[in-house]
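Colleague: Here is my input; please provide its structure:
(chains A and B)
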Amino acid sequence: MSLMSDLNQRAFRRGVPLSVHLDVTYRCNERCEHCYLDHHGDGEMNTAEIKTLLDQLAAAGVFFLTISGGEPLIRPDCFEIIEHARKLRFNVKFKTNAVLIREKQARRLRELNVEQVQISVYSHRAEVHDGISKVPGSLKRTIAGIRLLKSLGLKVTIANVLMKGNLQDAEGVRQLAAEVGAHYTLDPTITPMMNGDTGLLRLRISSGSLRTVFQNSDLVGNVEEFCAPPPPVDEDALEGYPCSAGHTACYVSPRGEVYPCVQFPISCGNIREQEFLDIWQNSPQLLEVRAIRGKHLTTCSSCNHLGTCTRCPGLAYMEGNMRGPSTADCEKSYVRTGIVSAAMLARANSPSLSGLIQIRSNPL
Amino acid sequence: MSEIYISRSTAVAARELGGEMMIMSATDSTLFSLNETAMIIWNAADGQTPLSEIVECKICREFNVQPEEAYRDAQELVQQLAALGILYLSEQPSRETLLEVTQKS
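Modeller: Just a heads-up that it's a prediction; the model follows:
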């Protein structure tokens, strides 16, 4: 077992929140067409509140901290926050669109020993990337930022969200990443807005396109392995937990709300009202999420894909039931393997879908 | 013999988990796990306390070992950790710039 797997398992057994994703703002200098955030700065935590939160996260045992947004560099105190996080010895991953990164910002990220910078690039062609970000010239500035970061020795990951509008450019972005020396990841997941609006789902690529992506070894690695039929469902899958959300990971919004994951909009408490550790250990919502095992999933517990599906409990929650299937992941499992999921079979018999629910505030 | 002062690298991430110190290098993302003895030294590496004093006060008392043998082992350990970029070694005291974290459970 690798040290990382061992670390994850020990954190899991001890109930330690090993990883936290912190959005320091929802404000952004881009208006990406697939973005699920509202871009409002209302109720944003101030510097002192975020520093106090970081102190509490460190005390709770958090090791991996992702600082994201919105565009975090919009905050004038962004580097003060990162500096505080690094003084507390977090492993910091920083997510940005890099539009605001100049020599000074790149050097500061290097000096603060940020472990990795993740930057979204939608296309290697300006007309496509800028069309998605809605900011003319953004690709040029983003690439300039990436080159600066790389020239200073920072690790950069280019994250490529696949949509109908940029699907044809995945290979171009992969080649761009190779040329600048960045790691490349792609993600075909488009999520509803945090207020429950499903309009963004129109941007999702079709099943046929997803199949093409899943058959491309440059993008998924070993195709035979990636698309292999699922092994028979065993005891481990039935007794296992869906994902790390709420178990060893969680998300904190700019307004101090704690959620199991950035894609799981069930509020578990607010750090303005409770200490983080109190929320983590005692929130009824987190306790409910933690109690769910494979065997408790409605429909999915009887699905052939149970042990290998990427089922996202947050997306399932947004479809109305955190124990239910996530339609997008059912589709991925089907497209990947050619084997129909239990939820798809059930849906064929009952075509009605429950509506997506809206973000739920924590009752006081 | 000159004294050795040790301080924790500002280039790494670190957190205690279940009695072990997990350390990750920001430069190459290598993950290390320090055992109990190494963790005692890491926690005491404030840049101000000589290694000999750390060994005498923290290691010998904890593990009931002879000071000379413990100091030899500690010297070897801190040199290994310095080579990995986890600790800084100096013949002069230096200032610690990181914040102390008191973990709750």
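Colleague: in stretch A:63-83, what's buried?
Modeller: For stretch A:63-83, a neighbour-count test (16 or more other CB atoms under 10 Å in any protein chain shown) marks A:63-75, A:77-79, A:81-83 as buried. For the C-beta atoms, the positions are set from N, CA and C on the backbone; glycine is no exception.
Colleague: Of those, which belong to strands?
Modeller: When DSSP state E defines the strands, the subset of the buried residues of stretch A:63-83 inside them is A:64, A:65, A:66, A:67, A:68.
Colleague: Return the residues in contact with the residue sitting nearest the centre point of chain B.
Modeller: Taking CA atoms, centre = their mean, the centroid of chain B lies closest to residue B:42, which sits 2.4 Å from it. Neighbouring residues of residue B:42 by CB atoms under 8 Å, 6 or more residues apart in numbering or on different chains: B:8, B:14, B:21, B:23, B:34, B:81, B:86, B:87.
Colleague: Would you reformat these as CSV and include neighbour count?
Modeller: Converted to CSV, the contacts of residue B:42 look like this (neighbours: other CB atoms under 10 Å in any protein chain shown):
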residue, neighbour count
B:8, 22
B:14, 23
B:21, 20
B:23, 27
B:34, 20
B:81, 23
B:86, 25
B:87, 23
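Colleague: Can I get those in JSON lines including secondary structure?
Modeller: Putting the contacts of residue B:42 into JSON lines (DSSP: H, G, I helix; E, B strand; the rest coil) gives the following:
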{"residue": "B:8", "secondary structure": "strand"}
{"residue": "B:14", "secondary structure": "strand"}
{"residue": "B:21", "secondary structure": "strand"}
{"residue": "B:23", "secondary structure": "strand"}
{"residue": "B:34", "secondary structure": "strand"}
{"residue": "B:81", "secondary structure": "helix"}
{"residue": "B:86", "secondary structure": "coil"}
{"residue": "B:87", "secondary structure": "strand"}
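Colleague: so which of those residues also contact chain A?
Modeller: The subset of the contacts of residue B:42 within reach of chain A, by CB under 8 Å from any CB of the partner chain, is residue B:14.
Colleague: out of the contacts of residue B:42, who's nearest chain A?
Modeller: Closest approach to chain A among the contacts of residue B:42 (CB to the nearest CB): residue B:14, at 4.4 Å.
Colleague: from memory that closest one sits against residue B:20, does it?
Modeller: No: counting by CB atoms under 8 Å, residue B:14 stays clear of residue B:20, with 10.9 Å between them.
Colleague: Identify the contacts common to the two.
Modeller: Overlap of the contact sets of residue B:14 and residue B:20 (by CB under 8 Å, 6+ apart) is empty.
Colleague: Return the helix or strand in chain B with minimum mean pLDDT.
Modeller: Using mean pLDDT, DSSP states H and E, helix B:61-63 stands out as the lowest-scoring helix or strand of chain B, at a mean of 83.
Colleague: meant to ask about chain A, not that
Modeller: Least-confident helix or strand in chain A using mean pLDDT, DSSP H and E: helix A:217-220, a mean of 84.
Colleague: Now do the buried residues in it.
Modeller: For helix A:217-220, the neighbour count (16+ other CB under 10 Å) marks residue A:219 as buried.
Colleague: Show me how far that helix is from its chain's centre.
Modeller: From the chain centre to the centre of helix A:217-220 is a distance of 20 Å (CA atoms, centre = their mean, to the nearest Å).
Colleague: after that helix comes which helix or strand?
Modeller: Sequence-wise, the next helix or strand downstream of helix A:217-220 (DSSP states H and E) is helix A:223-226.
Colleague: got the residues of chain A near chain B?
Modeller: Counting by CB under 8 Å from any CB, chain A sits next to chain B at A:3-4, A:6-7, A:10-11, A:14, A:16, A:18, A:58-63, A:84, A:86-92, A:113-116, A:153, A:155, A:277.
Colleague: In helices, which of those appear?
Modeller: In helices, judged by DSSP state H, the following of the residues of chain A next to chain B are found: A:3-4, A:6-7, A:10-11, A:14, A:58-60, A:84, A:86-87, A:277.
Colleague: which of the residues you listed sit farthest apart?
Modeller: Using CB to CB, the two most remote members of these are A:6 and A:84, lying 28.8 Å apart.
Colleague: so how far is residue A:58 from residue B:95?
Modeller: According to CB to CB, to the nearest Å, residue B:95 and residue A:58 sit 21 Å apart.
Colleague: circling back: what sits up against the least confident helix or strand of chain B?
Modeller: Contact partners of helix B:61-63, identified using CB under 8 Å, 6+ apart, comprise B:37, B:40, B:70.
Colleague: Out of these, name the ones that lie in helices.
Modeller: B:37, B:40, B:70.
Colleague: which residues does the second one contact?
Modeller: By CB under 8 Å, 6+ apart, the residues touching residue B:40 are B:54, B:58, B:59, B:62.
Colleague: can we see that at 10 Å?
Modeller: Contacts here follow CB atoms under 10 Å, 6 or more residues apart in numbering or on different chains; on that basis residue B:40 touches B:21, B:34, B:54, B:55, B:57, B:58, B:59, B:62, B:63, B:74.
Colleague: Report the closest residue of chain B relative to chain A.
Modeller: For chain B, CB to the nearest CB, closest residue to chain A: residue B:13, 3.5 Å.
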